[in-house]
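Novice: Make a model of this:
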Amino acid sequence: MTVKTMVEVKSKIMSRIFPLEDIRNIGIIAHIDAGKTTTTERILYHTGRTYKIGEVDVGTTVMDWMQQERERGITITAAATTCYWKEHRINIIDTPGHVDFAAEVERSLRVLDGGVVVLDAVAGVEAQSEAVWRQADKYNVARICFINKMDRTGADFPGTISMIEERLRARVLPVQIPLGAERSFKGIVDLVENRAVHFADDPQLMPIESAIQESDKDTVASYRRALIEKLAEDDDQIMLSYLEGEEISTSQLKAAIRRLTAANRVVPVLCGSALKGKGIRPLLDAIVDYLPSPLDVPPVCAINSKNGKEIFCRADDENLLSALAFKVVSDPFMGRLTYLRVYSGNVKTGAQIFNATKGVKEHLGRLYLMHANHREEIGEAESGSIVATVGLRKTSTGDTLCNAATPMLFEAIHFSDTVLSMAIEPKSKVDQEKLGSALTKLAEEDPTFKVHSDAETGQMLISGMGELHLEVLIERVAHEFGVKVTTGKPQVAYKETITVPVEAEGKFVRQSGGKGQYGHVWIKLEPGERGSGFGFCDQTRNGVVPKEFIPAVETGVKEALQSGRLAGYPVVDIKAILYDGSFHDVDSSALAFKIAGSMATKKAVARAKPVILEPIMKAEIMTPAQFLGDVIGDLNSRRARIEVVESYKDSSVVRCFVPLVRTFGFVGDLRSLSQGRATYTMAFYRYEEVPANLSEQIMASTRVNK
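Specialist: Numbering: from 1, shown residues only. Okay, here's the model as predicted:
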């Protein structure tokens, strides 16, 4: 794109006439090391957003701007940017690939219309690729796949296509095929436009388009016929032309692919090598041609908080304002920066808006288009925009912003529970106050980072999604906030549950001369399915417990379940049923019934054969076949449950379930066993009962610590 065109496009934005149909809100998502950030960096270069190509390995990328990201060579926080291609504005969010930072992917996909899933042509569909695919399914995000690293030894385009179909259960639609593979990879054939594109080894040189060579024509014809037939199965317009034997034009094919992609009925597949810049320009064309604009996706549903009715927020500047705050960042120069997706209406700098989640009014400060950690100030944010703003002091991740006259609520963003904790304390008294402020700001940024105090030991505890997650946050405390800290060993977030249904009575009676306290309940506790959480049911009849005291009973039950009988861990996966009780006309109160509910619950839990639960991780290890035996032996020593072992060329993939407590130190051991060649990913799976002998050890350890 020329400088003149860039100026014209930016002029459109500033004058607020940029058409909605020319906007693309997309995410770059995939497994770690698949090439997401490299792909994004090449996109920025080819669209003219940057003048120099950033490299992950040497720490010069634009999108990985944090010190920890550049040191480790991985993406830790989702970074947003805006670029322009063929008169289209593309808002991009580059997401992390490591499972410890899955919350960044979750909240990004919540506000995106489309996604580019980057896959390694050698490794194919990896564990985190499956995880982010499921996240995209949850939010109905349209996708295209970019099979990267086609120039690497072992690159297998047909094999990766098969893995996408088998492991992701996607209806793939190859719109490109590679010309060569591994060292001989030289270009692609665009099946839609029926042309060949050859790439130079220098990523700064333009690709060369040419006619398809005679030796490739049969293969290309076969793939193109399969493309048209697959489209005809799902698209009536293509079906009609196909049955009547009409020549189907390029514009017809593109329109059909766009319709089916936006409806999540097909997934177009492209290929290339992002590191060498091969396939990036065709990828940009596909983003514009096939991924949906804000007008192509269904209106987002919100609930009117006044009357409970549904409100459909269609992308239109004339509609009521509706926006979702999906990310909060503590910027060292700007202060508290809040990222917004504007679904409908528009908002200007300095406007007063209503936070319907918190029920408070807020004033918008300046509005920005973000380019990683750089900002471009704008005066107005239109529908379909992804922007950042300062000034929203009470707004948190997941809050809905709208007009006060029509308050509405979007569905909240749900994040996984933390699974790992460790104690943290400042090295000096000077750092005490600074540490509290730093941890509070980090907790505001990251919904999966929790800070709390242990009531018995007085220790400050931080909790997160894994070792790397907590390690990075501790580094940020030191580097960004200048606080020196010491930390304890990681502690697993155990939980407790019951195994048999039990009934118990709770009766709280106090007389002290004047008005007394009286609360009396009968409660039944039942074990729930694993992962079901807490449920409360009122089955009382004839007003034996007045309705106004029922919420107090539930509160008492919840408080009692915060600390279990065995080792003091929270009690989960349980259903509490209030079925009987009594009250006093004068002495009964909410406090009395709350205490009675708590008393009954504690009695019931003690008699319900409680057990301790531990977090189980789902792991996938990819190792050269020669080290498979040693890797499996190590996993068995960690109480791993092997699910399946698959062979793929010279490598083996082990999928298993392993207790979180036994994963500490696994990274180093795996490297030692495989000469540094094996890789792994882990994600939380569910809680399961701890073996009896280990349960005794946990309880004994808890008694010692107390």
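Novice: longest helix anywhere in the protein?
Specialist: Among the segments of the chain that qualify as a helix by DSSP state H, the longest is helix 214-234.
Novice: how about N542, secondary structure?
Specialist: Under DSSP: H, G, I helix; E, B strand; the rest coil, N542 falls in the coil class.
Novice: Number of residues surrounding it?
Specialist: Using other CB atoms under 10 Å, N542 has 5 neighbouring residues. Backbone N, C-alpha and C define where each C-beta goes, glycine included.
Novice: Ramachandran angles for W133?
Specialist: With angles defined as degrees, to the nearest 10, W133 sits at phi -60, psi -40.
Novice: where does the nearest residue to it once chain neighbours are set aside land on pLDDT?
Specialist: Nearest non-adjacent residue to W133, counting by CB to CB, 6 or more residues apart in numbering: L168, 5.0 Å away. If you check L168, the pLDDT there is 90.
Novice: show me the contacts for L168.
Specialist: With contact set as CB atoms under 8 Å, 6 or more residues apart in numbering, L168 has these partners: V125, S129, E130, W133.
Novice: Leaving out chain neighbours, which residue sits closest to F312?
Specialist: Leaving aside its sequence neighbours, F312 sits nearest to P299 (CB to CB, 6+ apart; 4.0 Å).
Novice: Neighbours of that neighbour, how many?
Specialist: 17.
Novice: what about the helix or strand just after the longest helix of the chain, distance to the chain center?
Specialist: Sequence-wise, the next helix or strand downstream of helix 214-234 (DSSP states H and E) is helix 236-243. Helix 236-243 sits 39 Å away from the centroid of its parent chain (CA atoms, centre = their mean, to the nearest Å).
Novice: What segments of the stretch 501-650 of the chain are helices?
Specialist: 550-560, 590-607, 628-637 (DSSP state H, counting those that start in this stretch).
Novice: can you give me the helices in the stretch 351-500 of the chain?
Specialist: Going by DSSP H, counting those that start in this stretch, the stretch 351-500 of the chain shows helices at 430-445, 467-481.
Novice: just those: most buried one?
Specialist: Ranked by mean neighbour count under mean count of other CB atoms under 10 Å, the helices of the stretch 351-500 of the chain are led by helix 467-481, which reaches a mean of 19.
Novice: just how off-centre is it within its chain?
Specialist: With CA atoms, centre = their mean as the basis, the mean position of helix 467-481 lies at 20 Å from the chain mean.
Novice: Same question for stretch 522-535.
Specialist: 28 Å.
Novice: From one end of it to the other, what's the distance?
Specialist: 16 Å (CA to CA, to the nearest Å).
Novice: And for stretch 508-518?
Specialist: Stretch 508-518 has an end-to-end distance of 6 Å (criterion: CA to CA).
Novice: Could you tell me which residues within that stretch count as buried?
Specialist: Residues of stretch 508-518 classed as buried: F508, Q517, Y518 (neighbour count, 16 or more other CB atoms under 10 Å).
Novice: Just the pLDDT at the second one, thanks.
Specialist: Looking at Q517, its pLDDT is 90.
Novice: Next one: the spatially most central residue of the chain from D446, what distance?
Specialist: Central residue of the chain (CA atoms, centre = their mean): E106, 2.0 Å from the mean position. Look at E106 and D446: by CB to CB, to the nearest Å, they are 12 Å apart.
Novice: Now for D399, how many residues are close by?
Specialist: Neighbour count for D399, taken as other CB under 10 Å: 25.
Novice: OK, contacts around it?
Specialist: Each residue near D399 by CB under 8 Å, 6+ apart is listed here: L324, A325, N355, A356, T357, K358.
Novice: If we use 10 Å, what do you get?
Specialist: 323-326, 328, 338, 340, 355-358, 360, 362, 392, 409-410, 412-413 (CB atoms under 10 Å, 6 or more residues apart in numbering).
Novice: List only those of those flagged as buried.
Specialist: Buried among the contacts of D399 (16+ other CB under 10 Å): 323-326, 328, 338, 340, 355-357, 362, 392, 409-410, 413.
Novice: what ranges of this protein fall below the confidence cut-off?
Specialist: For the chain, the stretches with pLDDT under 70 are 1-17, 54-76, 454-458, 512-514, 703-706.
Novice: quick revisit: can you list which of the contacts of D399 are found in strands?
Specialist: A323, L324, A325, F326, V328, T338, L340, N355, V360, E362, L409 (DSSP state E).
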